[in-house]
Structures are given as C-alpha cells and as structure tokens.
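Enquirer: with the sequence up front, the predicted model follows.
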Amino acid sequence: MTDGELTFEQAEAELRRIVERLEAGEVAIDEAIALWERGEALYAICRERLDAAEGKVEELTERVQAAKPSA
Amino acid sequence: MAKVEAIDYGERKVYSVAAFNRGLADWVGRLPTVWVEGEVTELRRQERWQTVFFTLKDVAGGACLEAAMPRRRFDALRLDLADGERVHVFGRAEIWAQKGELRLQALSIERFGLGAHLAALERLKQQLAAEGLFAPERKRPLPRLPRRIGLVTGNDAAARRDVIAAVTARFPPARLLVAETRVQGPRAAAEMAGALRAVAAEPEVDVVVLTRGGGSFEDLLPFSDEGLVRAVAACPVPLVSAVGHEQDTPLCDLAADVRASTPTAAARLVVPDLAELVAALDRRREALRREARAVVGRRRERLERERDRLRSGGRLLLERRRTALDHGAARLRALSPRSTLARGYAIVRHDDAVLRSTAALSAGDRVDVALAEGSFGARVDEIAP
C-alpha cells in the first residue's frame, strides 16, 4: 500500500505506534531519526486527509430521481 | 333449518346444490366462535346494503379471509375503520348458502389495542432475540472517521435538522447522504428498510444513522416492525439507531450496533470533534519530536558517561601502577647486599667469582674485597682448615 492509499485511521495508527516505540526507548539513533521522519510524513497525511474533505449534504432521493430521466 | 334431503336415483343418493350448501352450512355453523386477528382490507360499506363486507389479511403471510357484519352492528361499534388497520374480529365461520362461499360472520370487532400491540411486540422481541439478532457479539465498532454518513430520516424536519446540524458543527468536513422516507403509517417500515438498504449500498458510506424524533407509542411502532428490524440487523455497515426519546426502546434499537438517546447524541457518535482531533494530532506530533530528541539525548548522555569512565579509569590505573612500582623499589632496596655490607660484612671475590668457601683457594692467591665503602686487593696468607 502506498502512502496515497492510507486512510486517516491507518496513518494515525502508524503514527501512534511510532511514538510508542520511541517512548519505549532502546532504539538506535539512525532508526530514531528514520522514525521521526516517517512520523512527520504520517502527520502530514492525516492533516491532508482532514483538510481535503469538504462538507456536503446530499439527498439520496433527489439523486435517484435525477438519475431516472437518463435511465 | 330445513332438513337436507337427498333425491334417490335407485342406488345413488343425489343432493341439490342448495341442499349441499345447506348441509355444509349446518355443519360449519356448529364450529365454535373464535377471535381472528388480521389487517382490514377492501372494506365495503354502503348505506343501501344491510351488510358490511371486508377482507381480513395476515400482515406477514398474506393469507386472506372474507368477513361480514350487519351494517347496523358495524355502525354501532363506531370504529371508523380504514384499510390497513389491524383488528381482532370475534365471530364464527359461516357458509353463504346461495353461493357456497365461506366467510367469517363477525359478531364484534376490536381495534388492535395497546395491550395487544405490547404482547405482539414482546413475542417478536423474544423470537428475534432467540435468533441472536440482538446479541452483543454482533455489535460492530463505529468508524472513527467515516468517509460518508448515511442518514435515514422522516421528513419531520426536527430529527433530520438536529442530526445534520450536530454532525456538521462537530465535524465540518462531514459528507452526509440523506434518504427521506415516511416514518409513520402502515407503509413506513417497508420504506425505511428500503431506504436503509439503498443508503448502505452507496459508495463510501461507512456508517448509517436511522433517526426519528419523539412520538407516541403508535408513532414509533414501525421501528419495531420485523422487516425493519431485520434490515437493521443485516445492514452491511455499522448502524446507529436514534429513535424517539431515552425511555423508548423500539426493537430496531436492539438490533442496531449502537443506540443513541437523541439525534444529537447520534451525531456525537458518528463523527469526531474536528478541533479535538487536530489538537490530538498536534499533541502526537509534539510527542514524536520530543521522544525522538529524547532518544538522541539519552544516547549522548550515555556516551558522555562512558567517556568520563574511560578518563577516570585511566588515571586510576596509572596511580595503581605507580604505587606498585614504589613498593617494588622498596623491596628491591631491602634485598640489596649494600645494606648487609653496611652492617660490617664484606664480599670476597676470586677470579670475579664470589667466594662462599675456601675450597678453591690456595695460599698466595689474590682476592678482591668489597666493603660498604670502597674495596681493596689482598693476598691469601694462610688457609685455616
């Protein structure tokens, strides 16, 4: 799965696991830096998912009726 | 009642149609009087008719039974019945002799009352519970961030408006798909079940809310309809039921994954608070940075401790060596012959070898004598035995 396919929940869960892993300590420095970078990317994905969504209220019945003439 | 008589054609006894019908009517007429429950359809009542006719129908199976009641008696009940209403009819089976048709001759009709409704509901509840439709292990968790939210609601604006307002206030990016249906009357349950299925089948709908504002017991009855309850249980995505008020428990509430006491409470369940969500996300990023720095910091501290140990360790080693050396020098000094000579002893050498006996000496040999201070040469004069 590429990052573009990650859902908000998946990205958020991975970010949480990374923080927990860092909190547990015993991570090599190189790894800590790689985890940090990954965490920042995941944070950006989460924010992007929230910002990209645009609130909308649709009517199912209207949609069905609108679809009828062409059907 | 006229006696049913057969005409004899020799051996064969033959009945007229009227006689057969009369005989049948006579026999059916002896059946006991009973209560029959059904839905009234095709009610036919006209001023010039002596009898009111209607058909009783099973709501579930569709089985039908013709029924009739004298118009005066029917009017005296003042029931003001309409098609689609559920009734209990007290009557007995009767054959209409002229046509040979069976019908229920009604002696009394009662509208299906509250008590009867409650009993029927309780039976249905037991049956569905026994099937496991309300089992806790069937309950699914709600998505934290649904891509789209299906909303099945009546056109009674209040509940619909409450849910939409609460959802969008809490989570402005929410996308809602609203299906309006009838929520009251005999067709409401089937319509709602259809709307549920349609909404849940739409792409990206991750959760469905079924809602209706408060109402009377009868108003909420469609939400306990078997077909609707089964549709709720079969919903392919998690479903929140927000029907009526806290004290109402229509059966759809029991089959839903989560029950909300009000439409506003349902909104709180299906979407997260955006501000809180962003704050939590920011806190997590802070933790990420803090922890990553802490890992580096801990490593640096450890490194510094090790360097300190290395330095102090080296100094200590040197110190120990020096002490040991001093000790050795003292011992060396103690063992040296110099201190023995100082006490008045002398070392005598002959041919560079230190003498320990006179065995190798002869008179006239030259020896060297070393004292604590200075040395001298000498000749052996005589050797004592």
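Expert: Sure, I can see it.

Enquirer: number of residues surrounding residue A:5?
Expert: Under the neighbour criterion other CB atoms under 10 Å in any protein chain shown, residue A:5 is assigned a count of 7. All C-beta spots, glycine's among them, are computed from the backbone N, C-alpha and C.

Enquirer: nope, residue B:281 is what I meant
Expert: Using other CB under 10 Å, residue B:281 is surrounded by 19 other residues.

Enquirer: again with residue B:253
Expert: Using other CB under 10 Å, residue B:253 is surrounded by 24 other residues.

Enquirer: how about the residues of chain B that lie near chain A?
Expert: Taking CB under 8 Å from any CB of the partner chain, the part of chain B that reaches chain A is made up of B:143-145, B:150, B:164, B:168, B:171-180, B:195, B:198-199, B:202, B:274, B:277-278, B:281, B:284-285, B:287-289, B:291-292, B:294-296, B:298-299.

Enquirer: please name the nearest non-neighbouring residue to residue B:188.
Expert: Spatial nearest neighbour of residue B:188, chain neighbours left out: residue B:222 (3.9 Å); criterion: CB to CB, 6 or more residues apart in numbering or on different chains.

Enquirer: how about the one you found, what does it touch?
Expert: In this structure, residue B:222 makes contact with B:183-185, B:188-189, B:192, B:228, judged by CB atoms under 8 Å, 6 or more residues apart in numbering or on different chains.

Enquirer: what's the pLDDT at it?
Expert: Residue B:222 is assigned a predicted lDDT (pLDDT) of 88.

Enquirer: and if you look at residue B:39?
Expert: The per-residue confidence score, pLDDT, reads 89 for residue B:39.

Enquirer: what helix or strand does it sit in?
Expert: Under the assignment given by DSSP states H and E, the secondary-structure element containing residue B:39 is strand B:34-44.

Enquirer: and that strand, which strands flank it?
Expert: strand B:51-57 (antiparallel), strand B:86-96 (antiparallel) (DSSP bridges).

Enquirer: list the contacts of that strand.
Expert: Identification of contacts with strand B:34-44 by CB under 8 Å, 6+ apart yields B:52-59, B:64-65, B:67, B:81-92, B:104, B:112, B:116, B:186.

Enquirer: give me the nearest residue to residue 54, chain neighbours excluded.
Expert: Just so you know, I chose chain A. Leaving aside its chain neighbours, residue A:54 sits nearest to residue B:173 (6.2 Å; criterion: CB to CB, 6+ apart).

Enquirer: chain B is the one I meant
Expert: Using CB to CB, 6+ apart and skipping residues adjacent in sequence, the residue nearest residue B:54 is residue B:43, 4.3 Å away.

Enquirer: what is the burial count for the one you found?
Expert: Residues near residue B:43, counting by other CB under 10 Å, number 16.

Enquirer: list the buried residues of stretch A:54-62.
Expert: Of all the residues in stretch A:54-62, those buried under the rule 16 or more other CB atoms under 10 Å in any protein chain shown are residue A:60.

Enquirer: residues in chain A within reach of chain B, list them.
Expert: Among all residues of chain A, those adjacent to chain B (criterion: CB under 8 Å from any CB) are A:7-9, A:12, A:15-16, A:18-19, A:22-23, A:25, A:27, A:29, A:32-33, A:35-36, A:39-40, A:43, A:46-47, A:49-50, A:53-61, A:64.

Enquirer: list buried residues within these.
Expert: Buried residues within these, counting neighbours by 16+ other CB under 10 Å: A:7-8, A:12, A:15, A:18-19, A:22, A:27, A:32, A:35-36, A:39-40, A:43, A:46-47, A:49-50, A:53, A:60.

Enquirer: could you dump stretch B:78-87 to PDB, C-alpha only?
Expert: The C-alpha atoms that make up stretch B:78-87 are tabulated as PDB, following Å, rounded to 0.1, in the frame of the first residue of the first chain:
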ATOM      1  CA  ARG B  78     -68.200   3.500  15.800                       C
ATOM      2  CA  LEU B  79     -64.800   2.200  14.900                       C
ATOM      3  CA  ASP B  80     -64.400   4.300  11.900                       C
ATOM      4  CA  LEU B  81     -62.100   1.600  10.500                       C
ATOM      5  CA  ALA B  82     -59.800   2.200   7.500                       C
ATOM      6  CA  ASP B  83     -58.000  -0.200   5.200                       C
ATOM      7  CA  GLY B  84     -54.700  -1.300   6.700                       C
ATOM      8  CA  GLU B  85     -55.800  -1.300  10.300                       C
ATOM      9  CA  ARG B  86     -55.100  -4.300  12.500                       C
ATOM     10  CA  VAL B  87     -58.200  -5.700  14.200                       C
END
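
Enquirer: buried sites along it?
Expert: Buried residues in stretch B:78-87, counted by 16+ other CB under 10 Å: B:81, B:85-87.

Enquirer: closest to chain A among the residues you listed?
Expert: Closest to chain A out of the buried residues of stretch B:78-87 is residue B:85 (27.9 Å), distances taken as CB to the nearest CB.

Enquirer: okay but the closest one is in contact with residue B:110, surely?
Expert: No: with contacts counted by CB atoms under 8 Å, residue B:85 stays clear of residue B:110, the gap being 10.9 Å.

Enquirer: show me where chain A has its strands.
Expert: Taking DSSP state E as the criterion, chain A carries its strands at A:56-59.

Enquirer: kindly report the same for the stretch 201-350 of chain B.
Expert: For the stretch 201-350 of chain B, the strands identified by DSSP state E, counting those that start in this stretch occupy B:205-212, B:239-243, B:258-259, B:347-350, in order along the chain.

Enquirer: include distance to residue B:306 when you put these into CSV, please.
Expert: Putting the strands of the stretch 201-350 of chain B into CSV (distance: least, CB to CB, whole Å) gives the following:
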stretch, distance to residue B:306
strand B:205-212, 53
strand B:239-243, 58
strand B:258-259, 56
strand B:347-350, 56
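
Enquirer: quick one: which of those strands is nearest residue A:2?
Expert: Closest approach to residue A:2 among those (CB to CB): strand B:205-212, 21.4 Å.
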